[in-house]
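In: build me a structure from this.
(2 chains)
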Amino acid sequence: MGIIDKNLSLRDRNKMLLGIWENEDKLVEATSELVHARVKIQDVYTPYPVHGLERIMGVRRSWLSIVAFLCGMTGFSLAFWMIYYMYVQDWPIDVGNKPVRFSPSWVPVLFEATVLCTAFGMAFFFFFRNRMIWGIKPELLDDRQTDDRMVIAVETGEGVDEKKVLKIMKDHGAVELREKTGGVQTTI
Amino acid sequence: MIHDSLIRERLVTGGKTASDVTRDIARPILNKPSTAWKVGFTLSVIFLGIFVVSLFWTLWTGIGTWNINKSVMWGWDITNFVFWVGIGHAGTLISAILLLFRQKWRMSINRSAEAMTIFAVICAAMFPVFHMGRVWVGYWALPLPNAFGSLWVNFNSPLLWDVFAISTYFSVSLLFWYIGLIPDIATIRDKVKTKAAQYWYRFFSMGWNGSTRIWARYELISLILAGLSTPLVLSVHTIVSTDFATSVVPGWHTTIFPPYFVAGAIFSGFGMVATLLVVARKVMNYENYITIGHLEAMCKIIMLTGTLVGIAYLTEFFIAQYSGVEYEQYAFFNRASGPYWWAYWSMMFCNLVSPQVFWFKWARTTPWFIFIMSIVVNVGMWFERFVIIVTSLHRDYLPSSWVMYSGSLTEIGLFLGTFGIFFTCFFLFAKFLPVINMSEIKTILRNRE
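Out: I've put the predicted structure just below:
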């Protein structure tokens, strides 16, 4: 598995069928129906998170929590090594002739470094995985998909019954149906 | 499917649809600035000017322009530092802890509270940094070998823990805020008309298009960040409190400080959120999004945390008496009846007595009254830090070191000036970014079925 999710790109798709919704519940019904009919949904675009939709689509649970744990361990280890090197090996500070070794006074710095590395490591992974880079051009299928409209995109090809897909979409409340070939969209 | 509760009031009123939400909340960004915004922004910039002048005077002449001395070596500067850090606690608390507790009323206020956190931490950082005197060697506070040999920072010192805690808190809060903003920046990107605006909103939206695959990961990262930020927010003020608690100064050397400081920070943070939002909801016409129910919930938290802080004040007295240590007993006796009695009793009135008014529903549901109370809370919390710092220091173990302290004009200017930084940043935020989290609010609209 590469880090960048290849499923997200719309650039190389030949032809797509698009259904537009304005109602979340009908969108969920339509997605569910399409999945039951064994239609491979490219993606569903919504202006806000619709809970449960990713499970219906069969999107696997993200590895983010594992990445977060690994980043946290890295941060903790680096901070421990830093303090040990500076404070025990390189220049021990004699306070009241106490032995210079691990003490609870290290905990705040270890904790903060762990949190910092976890948060930023996880965020960088999230951005890479989702192809999110500053300045990248967004791939939009409808100019209101970040406002109040929702889009189901189905890639057509061999084995895809276009008429059946369009019928399911229409029967489950799509307010508009479109076909996208290359960069051109036509209303059906 | 969203079900209406029979008991709870709606979180968004006015029968709003998703497109109404976008239109209402993006209005200040898409339109020309209102007169209220222009007046507020100009005033803020004037205060920012006061900060610049005071800072210039401090740097040009030196820390001697402040009235701190060998006994009261921390004065207004560290009072202001702790005051602003405390205010900075509400943002992450609202976003993180209330998210983990699934409190949906947070959705209307989390964005502005997070912004407030970031600006407040910037204001806070000014004071210890410039208190160093030679600010150009401020990087010595970082774990770097200095130019004169292998001398490292002291990991036993709470002041170093502070460097790590505040910088981590600032960075993680900024990240949390930015990740939360991305979907809304994308919404604005698709609405703005001018080329420059389109460029910048596109730049910061990172190609967001609302894909369900990304939403699923986005929800997960928000949850993990909330899980991380919850202990972080508690650790920051705990560490700030250890600046005092690990010392041997009577009045500071007490184990109650960490929970007491955290409760105080939440108290003052909510006070500032209430100050800002009572005004913002009126000026920006957000009454349907920041409802009386939201204000009431905030008032309840203010009352709870104010009472917690009040109990801590009383416990300190009890412990001083119970310890049998005469220095400790004198420190507290002096606080309440010494030359700074007025500061102590202002603190007691503002933080312990006045929030009790929120037991009455009228007080919790009347915006102008909440606004006044939120100011009272913040005045009280400033006095709390002043009392802890100045009354503990001004009577040393040696009576020959006893002094009185009051802030100089430069110190007062710096403090007022940080309000300039804070409000200038806040007005710019309100003009260019959505003050309410649109994508989250759209998930709780009741008329979608």
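In: what sits up against the lowest-mean-pLDDT helix or strand in chain B?
Out: The weakest-scoring helix or strand in chain B, judged by mean pLDDT, DSSP states H and E, is helix B:89-92 (a mean of 81). Here helix B:89-92 makes contact (CB atoms under 8 Å, 6 or more residues apart in numbering or on different chains) with B:110, B:113-118, B:120, B:169, B:173, B:176-177, B:229, B:232-233, B:236-237, B:262, B:265-266, B:268-270, B:272-273. Backbone N, C-alpha and C define where each C-beta goes, glycine included.
In: return the subset of these lying in helices.
Out: B:110, B:113-118, B:120, B:169, B:173, B:176-177, B:229, B:232-233, B:236-237, B:262, B:265-266, B:268-270, B:272-273 (DSSP state H).
In: so residue B:145 touches residue B:152, yeah?
Out: Yes. If you go by CB atoms under 8 Å, residue B:145 and residue B:152 touch, sitting 6.9 Å apart.
In: what about these two, which has more around it?
Out: For residue B:145 versus residue B:152, the count of surrounding residues by other CB atoms under 10 Å in any protein chain shown is larger for residue B:152: 18 against 12.
In: can you tell me the SS state at the closest residue to that one other than its chain neighbours?
Out: Computed as CB to CB, 6 or more residues apart in numbering or on different chains, the closest residue to residue B:152 that is not its neighbour in sequence is residue A:86, at 4.0 Å. Taken by DSSP: H, G, I helix; E, B strand; the rest coil, the conformation at residue A:86 corresponds to helix.
In: separation between residue A:86 and residue A:92?
Out: Distance from residue A:86 to residue A:92, counting by CB to CB, to the nearest Å: 10 Å.
In: these two - which one has more neighbours?
Out: Per other CB under 10 Å, whichever of residue A:86 and residue A:92 has more neighbours is residue A:86, with 21 against 12.
In: mind listing what's buried in whichever helix or strand residue A:66 is part of?
Out: Using DSSP states H and E, residue A:66 falls within helix A:64-83. Buried residues in helix A:64-83, counted by 16 or more other CB atoms under 10 Å in any protein chain shown: A:64, A:67-68, A:70-72, A:75-76, A:79-80, A:82-83.
In: residue B:417 and residue B:46 touch, don't they?
Out: No. Counting by CB under 8 Å, residue B:417 does not reach residue B:46; the two are 10.0 Å apart.
In: between the two, which has more neighbouring residues?
Out: Comparing residue B:417 with residue B:46 by other CB under 10 Å, the one with more neighbours is residue B:417, at 23 against 12.
In: can you pull the contacts of that one?
Out: By CB under 8 Å, 6+ apart, residue B:417 lies in contact with B:47-55.
In: tell me the SS of it?
Out: What three-state DSSP gives for residue B:417 is helix.
In: state the distance from it to chain A.
Out: 29 Å (CB to the nearest CB, to the nearest Å).
In: local confidence estimate at that residue?
Out: The model reports residue B:417 with a pLDDT of 96.
In: so what's it closest to, chain neighbours aside?
Out: Nearest to residue B:417 is residue B:51, by CB to CB, 6+ apart, at 2.3 Å.
In: quick check: that neighbour is in a strand.
Out: No. Residue B:51: not assigned to a strand; according to three-state DSSP it is helix.
In: and it, how many neighbours does it have?
Out: Residue B:51 has 21 nearby residues by other CB under 10 Å.
In: which residues touch it?
Out: By CB under 8 Å, 6+ apart, the contact list for residue B:51 reads B:413-414, B:416-418, B:420-421.
In: list of residues touching the following helix or strand past the least confident helix or strand of chain B?
Out: Downstream of helix B:89-92, the first helix or strand assigned by DSSP H and E is helix B:98-100. Identification of contacts with helix B:98-100 by CB under 8 Å, 6+ apart yields B:105-106, B:110, B:222-223, B:226-227, B:230.
In: how close does residue B:245 sit to residue B:316?
Out: Distance of residue B:245 to residue B:316, given as CB to CB: 12 Å.
In: overlap of the contact sets of those two?
Out: Common neighbours of residue B:245 and residue B:316 (criterion: CB under 8 Å, 6+ apart): residue B:254.
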